[in-house]
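Asks: Give me coordinates for this.
(one chain, ligands or ions: 2)
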Amino acid sequence: MKENYYLEPFIKKEDIQKKVKELGKMISEDYRGEELFLVGVLKGSWIFMADLVREIEVPLEVSFISVSSYVGETTKTSGVVRLLCDIDKPLSNKNVILVEDIVDTGLTLSYLKKLLEVRKPKSFKICALLDKPERRMADIKAEYVGFTIPDEFVVGYGLDYNGYFRNLPEISILRFK
Ligand SMILES: O=P(O)(O)OC[C@H]1O[C@H](OP(=O)(O)OP(=O)(O)O)[C@H](O)[C@@H]1O
Ligand SMILES: Nc1nc2[nH]cnc2c(=O)[nH]1
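Replies: Ligands and ions are numbered 1, 2, ... in the order given. Predicted coordinates:
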């Protein structure tokens, strides 16, 4: 990768951990006495999902769906969401929570909501670690949001640029020189 960028620290590892705990507690309280079916959106949500499930106290199953719309060396959506790999189980009568790393234009979640709601889950909610409302193009809202952030391209904690930076434990703003 060409090194025409630098990373500006944005959300510290400790702050992410604290927020994930809070989200887990909120979800556990809301679904007390019920079971959950969490669907992670690959690849970005994989680290968030792994941490979040360990903070949820109700019985749950986990599955993943893989979609992509930001491809290559770009910080802009292609506008076309491609389904790469579907969920392995039916959703009927399940309390589904779709787990995302970020809602930006909202095109990915809007596509997924339409795709999954017709499978008749008992309930359907969205949990996103980050929300960038300034860039919204689709009318979509997550019920559980970790941090509302400004219009900056962020990486780390599962979020990539051209496939890189997902392994960083903190979230940084990607700036170009
Ligand atoms: O609200 P939107 O503008 O649609 O953007 C949000 C989506 O963009 C990223 O996915 P990406 O297409 O980069 O795939 P990835 O998760 O594999 O990195 C991110 O993980 C979200 O799924
Ligand atoms: N890595 C990354 N992916 C995104 N997809 C949509 N917005 C973003 C962002 O800010 N960072």
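Asks: wait, what's in contact with Gly156?
Replies: Taking C-beta atoms under 8 Å, 6 or more residues apart in numbering, we find Gly156 in contact with Leu7, Phe165, Arg166, Leu168, Pro169, Glu170, Ile171, Ser172. For glycine as for every other residue, the C-beta is placed from the backbone atoms N, C-alpha and C.
Asks: what about Asp160, distance to ligand 1?
Replies: Separation of Asp160 from ligand 1 (C-beta to the nearest ligand atom, to the nearest Å): 5 Å.
Asks: Okay, buried residues for the helix ranked longest in the chain please.
Replies: When the chain is parsed with DSSP state H, its longest helix is helix 13-30. Across helix 13-30, burial judged by 16 or more other C-beta atoms under 10 Å covers Ile16, Lys19, Val20, Leu23, Gly24, Ile27, Asp30.
Asks: same question, stretch 62-77
Replies: Residues of stretch 62-77 classed as buried: Phe64, Ile65, Val67, Ser68, Ser69, Tyr70, Thr77 (neighbour count, 16+ other C-beta under 10 Å).
Asks: would you list the buried residues of helix 13-30 in a markdown table and tack on distance to Trp46 and pLDDT?
Replies: Below are the buried residues of helix 13-30 laid out as a markdown table (distance: C-beta to C-beta, whole Å; pLDDT from 0 to 100):
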| residue | distance to Trp46 | pLDDT |
| --- | --- | --- |
| Ile16 | 14 | 98 |
| Lys19 | 17 | 98 |
| Val20 | 14 | 98 |
| Leu23 | 16 | 98 |
| Gly24 | 16 | 98 |
| Ile27 | 18 | 98 |
| Asp30 | 23 | 98 |
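Asks: Nothing else from me, thank you.
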